[in-house]
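> Predicted structure and sequence below. I'll ask about it afterward.
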Amino acid sequence: MKNFKKYLAPIVLSCATVTSAQAGEVEVLHWWTSGGEAASVAVLKDLLEKQGHTWKDFAVAGGGGESAMTVLKSRAVSGNPPAAAQIKGLDIQEWADLGLLTNLDSVAEQGNWDKLLPKVVSDVMKSEGHYVAVPVNVHRVNWLWANPEVFKKAGVGIPNTWEDFPAAADAIQKAGFIPLAHGGQAWQDATLFEAVALGMGGSEFYRKAFVDHDMDTLKSAKMVEIFKAFKDLRKYIDKDSAGRDWNIATSMVINGKAAMQVMGDWAKGEFVAAGKKAGVDFACLPAPGTSGQYTFNIDSFAMFKLNDSENAKAQNALAKTIMEPAFQETFNLNKGSIPVRSGMSRAKFDFCADASMDAFNASAATGDLVPSMAHGMSTTSYIQGAIYDVVTNFFNDESLSAQDAVNRLAQAVKAAM
Ligand code: BGC
């Protein structure tokens with residue numbers, strides 16, 4: 001008996017270690033397929049695999065994640081959702097209401113998430129007070145990315161307001177460059193549109209329109225003005241923009257074909273992946289008219305209920321890893337976002353990230369921290385989809401007036417509510 005214990009115990013123990021180290025597999029659905037995004041998600045895969053678990057990649061290409069969400073729905077309908085899926089904002093709640101998400105409270109408690117996360121973030125990760133998702137980062141959406149060389153050649157400064165934009169853009173066009181790099185996809189149109197709305201309307205207006213869905217605001221003269229200014233930007237976008245991916249648009253700024261792009265700071269991930277330096281090779285400024293304002297977009301993974309206990313362990317390890325400093329730092333350096341976890345060192349972060357961290361704190365204090373409509377933070381995907389349709393149809397249809405767009409917007413939002 002003594003011998004049995006002596007010889008078997010280590011074997012059982014080593015088997016136990018091997019089992020927990022090998023067996024857990026997590027299938028992770030995400031839409032991070034551009035250069036900067038792929039480098040970022042590789043950090044998570046690597047950290048998870050170092051713990052002995054297996055990462056099953058489920059990448060669905062398509063910026064903004066619309067295609068990924070369609071695929072997720074069909075997998076869920078067939079009763080086979082992945083262990084983790086990149087689901088954001090109010091949609092987390094919708095998935096939790098279906099009873100499909102797993103409770104992460106014990107991981108959250110051990111990791112002290114309640115203390116480490118701003119309440120505005122932790123609230124969104126919970127359903128009925130229980131964690132069902134884990135946040136990855138904070139992206140600022142209202143950025144203008146610029147190639148300083150192009151501005152130098154055109155002899156103009158980078159515009160600070162939408163009112164100043166046309167003069168600068170005209171000069172850039174005259175100098176033979178594309179003023180605005182853009183991809184004609186609904187979510188990119190919506191990203192540009194919300195930047196114009198925030199810059200021209202202000203935070204209060206933005207909140208009333210896209211958070212409260214206040215009909216008077218949606219139908220206001222201000223909104224007509226915003227749609228007009230938005231449509232005016234068309235002439236600064238090249239004719240090949242239809243269907244172009246966002247990162248291809250970013251590469252036009254990187255290689256000096258275009259002067260600017262209005263895009264969230266995942267665009268910085270592309271500059272960084274191309275070996276470019278913030279403040280030297282590229283400039284990051286708040287989108288015109290939005291200095292002091294901050295449209296936030298938080299990436300997060302919701303975790304689905306699993307039957308296999310080893311896979312559930314791997315899933316917990318994934319959730320735990322995401323909130324740990326090592327991941328928060330390296331991932332966000334690659335991704336262009338800032339850590340969601342408080343108390344992180346800023347030492348390795350560049351000028352743009354520093355500016356984002358400062359603006360996040362300052363805007364929270366002044367009421368200028370607003371959720372991104374285009375990135376699913378301000379409303380559910382139903383209402384967001386309705387807004388997308390109006391915005392993109394208007395932007396691409398010469399025959400529609402700004403007044404038509406406003407009428408349609410109010411109608412579409414009302415119907416989707
Ligand atoms: C996501 C980012 C992603 C971007 C482009 C956004 O909605 O939050 O993480 O990089 O879409 O795909």
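Great, that's in hand. Numbers count the residues shown, from 1 in each chain.
> Look up phi and psi at residue 238.
phi -70, psi 160 (degrees, to the nearest 10).
> for it, what are its contacts?
Under the criterion of Cβ atoms under 8 Å, 6 or more residues apart in numbering, the neighbours of residue 238 are 178, 258. Where you see a C-beta, it was placed from the backbone N, CA and C, and this is true even at glycine.
> now residue 136
298-301, 322, 331, 337, 340.
> and those residues, which of them are in helices?
Among those, DSSP state H puts 322, 331 in helices.
> Redo the contacts of residue 136 as JSON lines? Include distance to the ligand, pLDDT and neighbour count.
Supplementary listing: the contacts of residue 136 in JSON lines, determined by distance: Cβ to the nearest ligand atom, whole Å; pLDDT from 0 to 100; neighbours: other Cβ atoms under 10 Å:
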{"residue": "298", "distance to the ligand": "8", "pLDDT": "98", "neighbour count": "25"}
{"residue": "299", "distance to the ligand": "5", "pLDDT": "98", "neighbour count": "24"}
{"residue": "300", "distance to the ligand": "9", "pLDDT": "98", "neighbour count": "23"}
{"residue": "301", "distance to the ligand": "11", "pLDDT": "98", "neighbour count": "27"}
{"residue": "322", "distance to the ligand": "13", "pLDDT": "98", "neighbour count": "26"}
{"residue": "331", "distance to the ligand": "11", "pLDDT": "98", "neighbour count": "23"}
{"residue": "337", "distance to the ligand": "7", "pLDDT": "98", "neighbour count": "26"}
{"residue": "340", "distance to the ligand": "12", "pLDDT": "98", "neighbour count": "26"}
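> Tell me who's in contact with residue 407.
residue 219.
> Can you tell me how far it is from residue 26?
47 Å (Cβ to Cβ, to the nearest Å).
> Could you list the paired strands of the helix or strand harbouring residue 138 along with their orientation?
Assigned by DSSP states H and E, residue 138 belongs to strand 137-140. Paired neighbours of strand 137-140 in the sheet (DSSP bridges): strand 294-297 (antiparallel), strand 338-339 (antiparallel).
> mind giving me the domain split of this structure?
Domain assignment for the chain by automatic domain parsing gives 23-139+297-356, 143-295+373-416.
> what bridges to residue 143?
Those that pair with residue 143 in a beta bridge, by DSSP bridges, are residue 286.
> Check it and give its pLDDT.
If you check residue 143, the pLDDT there is 98.
> number of nearby residues for it?
Residue 143 has 26 neighbours, counted by other Cβ atoms under 10 Å.
> rewinding a little: what's the average pLDDT for the strand holding residue 138?
For strand 137-140, the per-residue pLDDT averages 98.
> And stretch 223-230, by the same measure?
On average, stretch 223-230 scores 98.
> Just the buried residues of that stretch, please?
Buried residues in stretch 223-230, defined by neighbour count with 16 or more other Cβ atoms under 10 Å: 223-224, 226-227, 229-230.
> for those residues, which one is nearest the ligand?
If you rank those by distance to the ligand using Cβ to the nearest ligand atom, residue 230 comes first, at 19.7 Å.
> ok, how many other residues are close to the closest residue to the closest one other than its chain neighbours?
Distances taken as Cβ to Cβ, 6 or more residues apart in numbering place residue 196 nearest to residue 230, at 4.8 Å, with adjacent residues excluded. As a burial measure, residue 196 scores 25 neighbours (other Cβ under 10 Å).
> Do I have it right that residue 196 meets residue 226?
Yes. Counting by Cβ atoms under 8 Å, residue 196 touches residue 226, with 5.6 Å between them.
> Can you tell me which helices and strands the helix or strand residue 109 falls within packs against?
Remark: residue 109 resides in helix 105-111, with elements defined by DSSP H and E. Helices and strands touching helix 105-111, by 3 or more Cβ pairs under 8 Å, 6 or more residues apart in numbering; DSSP states H and E, are strand 130-131, helix 309-323.
> Just name the most buried of those.
When you average the neighbours per residue for each of the helices and strands packed on helix 105-111 (mean count of other Cβ atoms under 10 Å), helix 309-323 leads with a mean of 21.
> got the contact list for residue 210?
194, 197, 370-371, 373, 378-379, 387.
> Show me where the stretch 101-250 of the chain has its strands.
Counting by DSSP state E, counting those that start in this stretch, the segments of the stretch 101-250 of the chain that form strands are 126-127, 130-131, 133-135, 137-140, 143-146, 178-180.
> nearest to the ligand, of the ones you listed?
Closest approach to the ligand among these is made by strand 137-140 (5.6 Å; Cβ to the nearest ligand atom).
> can you tell me which of the contacts of residue 210 are in helices?
Secondary structure from DSSP H places 194, 197, 387 of the contacts of residue 210 in helices.
> can you list these in a markdown table and add neighbour count and distance to residue 286?
Shown next, in a markdown table, are the ones in helices among the contacts of residue 210 (neighbours: other Cβ atoms under 10 Å; distance: Cβ to Cβ, whole Å):
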| residue | neighbour count | distance to residue 286 |
| --- | --- | --- |
| 194 | 30 | 13 |
| 197 | 24 | 14 |
| 387 | 25 | 22 |
